[in-house]
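> I need the structure of the sequence given here:
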Amino acid sequence: MKKLRKAVFPVAGLGTRFLPATKAIPKEMLTVVDRPVIQYVVDEARDAGIEHFIFVTGRNKAVIEDHFDVQFELYNTLAERGKTDELARLQKLQPLPGQTSFTRQQVPLGLGHAVWCARDLVGDEPFALLLPDMIMQSERGCLREMVDLFDETGGNIIAVQECDPAETHKYGIVGRGADVHNGFEVTSMVEKPPRGTAESNLFLNGRYILQPEIFEVLSKHEKGAGNEIQLTDAMLKLQNEQTFYGYHYKGRTFDCGSPEGFVEANVAFALWRSDMNQSMKETIERLSREIKPV
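Residues are numbered from 1 along each chain as shown. Okay, the predicted model is just below:
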């Protein structure tokens, strides 16, 4: 079984739900407290042992590449001004030379197509896939726990969480089989099942470990829901040949692809910080008393 070394981040989306903020700034570069959304996801991958970070980008996303590059002028200015703590924090987040790769999804044909665009950079290896809209909050990272399961089982790993049973028609839902190590066998996968038909309330939360054979399935460019190439459809076909395991993540997940989820993430991560917790609690309580809905 090959070691998991690479992770793919599909960052080509337009972020139309955040216009006009995303007219000139990629949605992945919007900040949660003091760092971009994409930084949280990359940090999760690095903590899980990922060595090579592959970004599938689109037009007007060059600032993401710049963010993960060395900025000599900034580093020199911080050093000259004695801002050693700020400099050390930036250097700690800096990927090593050769650890990042960027490729273009020239046409927005869906998540499955974005993953397929990374095929030559991934090669014949298992890889992690992290959706950058979804950021996690827990003492031990979601992907790190998934890697522990992968090291025991191999195959394909998908992370799931519980949703309101009345909301299952909004998500990709999996069926739960026998427990295996710190996960379980996946018996079924359905993308947005009709109301009342879901086998469980466990939904795909945007973290995957996939075998490279997924690229052969995606190469057929078969379109599904929304007339797009769907990753879930490809996983369903791969499941006929390979085993899928689920990891039930128990931490918090914030959908930063929606304004409500983005604001919730800012509040949650501010409250999580010891240097901001008390002041944020007081601010939230005060604003709740003072501000009335328009």
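
> which residues does stretch 97-116 contact?
The contact list for stretch 97-116, computed with C-beta atoms under 8 Å, 6 or more residues apart in numbering, reads 8, 10, 12-14, 51-58, 64-65, 68, 117-118, 120-121, 129, 131, 210, 214-215, 218-219, 221, 223-224, 226, 228-231, 233-234. Yep, even glycine has a C-beta here, placed from its N, CA and C like the rest.

> so the residue lying closest to Pro10 once chain neighbours are set aside, which state does it fall into?
By the measure of C-beta to C-beta, 6 or more residues apart in numbering, the closest residue to Pro10 outside its immediate chain neighbours is Ala114, 3.9 Å from it. Assigned with DSSP: H, G, I helix; E, B strand; the rest coil, Ala114 falls in the helix class.

> can you name the residues bridging to Phe55?
Beta bridges link Phe55 to Phe9, Phe102 when assigned by DSSP bridges.

> my read: it touches Ala62, true?
No. Contact criterion C-beta atoms under 8 Å: Phe55 and Ala62 do not qualify, at 10.9 Å.

> from Pro194, how far out is the closest residue to Ser138 other than its chain neighbours?
Leaving out its chain neighbours, the residue that sits closest to Ser138 by C-beta to C-beta, 6+ apart is Gly251, at 2.8 Å. Relative to Pro194, Gly251 is positioned 29 Å away (C-beta to C-beta, to the nearest Å).

> buried residues, stretch 141-151. List them.
Using 16 or more other C-beta atoms under 10 Å as the test for burial, stretch 141-151 gives Gly141, Cys142, Leu143, Arg144, Glu145, Met146, Val147, Asp148, Leu149, Phe150.

> mind checking which of those residues land in helices?
Judged by DSSP state H, the subset of the buried residues of stretch 141-151 located in helices is Cys142, Leu143, Arg144, Glu145, Met146, Val147, Asp148, Leu149, Phe150.

> what's the closest of those to Thr168?
Among those, Cys142 lies closest to Thr168 (C-beta to C-beta), at 20.5 Å.

> got the contact list for the closest one?
Counting by C-beta under 8 Å, 6+ apart, Cys142 has contacts Glu44, Met136, Ala159, Asn205, Arg207, Tyr247, Tyr249, Gly251, Thr253.

> try it again at 10 Å.
Counting by C-beta atoms under 10 Å, 6 or more residues apart in numbering, Cys142 touches 44, 47-48, 130, 134-136, 159, 161, 205-207, 247, 249-251, 253.

> Asn156 now?
Residues 126, 150, 186, 208-211, 213-214, 235, 238-239, 242-246 are the ones in contact with Asn156 under the rule C-beta under 10 Å, 6+ apart.

> give the buried subset of those residues as a PyMOL selection command.
In PyMOL, a selection of the buried entries from the contacts of Asn156 looks like this (16+ other C-beta under 10 Å):
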select buried, resi 126+150+186+208+209+210+211+213+214+235+238+239+244+245+246
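
> what's the separation between the residue nearest to Ser138 and Ser219?
Using C-beta to C-beta, Gly251 is found at 34 Å from Ser219.

> tell me where this structure has helices.
Under the criterion DSSP H, the chain contains helices at 37-47, 62-67, 72-80, 84-93, 111-116, 119-122, 142-153, 214-218, 231-238, 259-272, 277-290.

> okay, buried residues for the last one please.
What that stands for is helix 277-290. Neighbour counts over helix 277-290 (16+ other C-beta under 10 Å) mark Met280 as buried.

> picking up where we left off before, looking at Phe55 and Ala62, which one has more neighbours?
Higher neighbour count among Phe55 and Ala62: Phe55, with 25 against 11, using other C-beta atoms under 10 Å.
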